[in-house]
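A.B. asks: coords please:
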Amino acid sequence: MKTSKIVFVSLIISSFFLMSMGYTLSNEWVVPEKYKNMKNPYADSDDDYGSELYELHCASCHGDEGYGDGKKAETLETAMRELGSEEVQAQTDGELYYKSIIGRDEMSSFEKKINDEEERWLIINYLRTLEE
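C.D. replies: From the prediction side, this is the model:
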């Protein structure tokens, strides 16, 4: 009885700790309001550099066409989503920015790798071209 009580209390403490660190028990990706409402200052840019940046930073996992079939994709535990899918394309630019640049878990943060704000948004612009 005492052992089960210790295990139960440990599970509760662990759950609270994980939740306080930003994890959820579901696979839902919670994007802070600050990012959901971000506006893309380069949304009207016709700069093709975003495709080059995507190839450099994203294609190894997400694949050349955004199908989630990049060389590294099969080594990941997280299921890859097709970047051109309705589910992905329905997200705001700010949500895509947060998920692409801030990241979480196996989706690495690119805050240090892509420190130029315009380049970050050009990748988001390129993701919009993958719409099916």
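A.B. asks: Just give me the neighbour total for Glu65.
C.D. replies: 13 (other C-beta atoms under 10 Å). Where you see a C-beta, it was placed from the backbone N, CA and C, and this is true even at glycine.
A.B. asks: go on, Tyr97?
C.D. replies: Around Tyr97 there are 22 other residues, counting by other C-beta under 10 Å.
A.B. asks: That one - that's part of a helix, no?
C.D. replies: Yes - looking at Tyr97 with DSSP: H, G, I helix; E, B strand; the rest coil, it is inside a helix.
A.B. asks: Now do it, the pLDDT please.
C.D. replies: You'll see Tyr97 listed with a pLDDT of 98.
A.B. asks: What residues does it make contact with?
C.D. replies: Residues near Tyr97 by C-beta atoms under 8 Å, 6 or more residues apart in numbering: Tyr35, Met38, Asn40, Arg120, Trp121, Ile124.
A.B. asks: pLDDT score assigned to the nearest residue to Gly103 once chain neighbours are set aside?
C.D. replies: Spatial nearest neighbour of Gly103, excluding adjacent residues (C-beta to C-beta, 6 or more residues apart in numbering): Ser109 at 4.2 Å. pLDDT recorded at Ser109 is 95.
A.B. asks: ok, the residue nearest the centre of the chain - contacts?
C.D. replies: In the chain, the residue lying closest to the centroid (C-alpha atoms, centre = their mean) is Lys99, at 2.7 Å. Going by C-beta under 8 Å, 6+ apart, Lys99 touches Trp29, Val31, Gln91, Met107.
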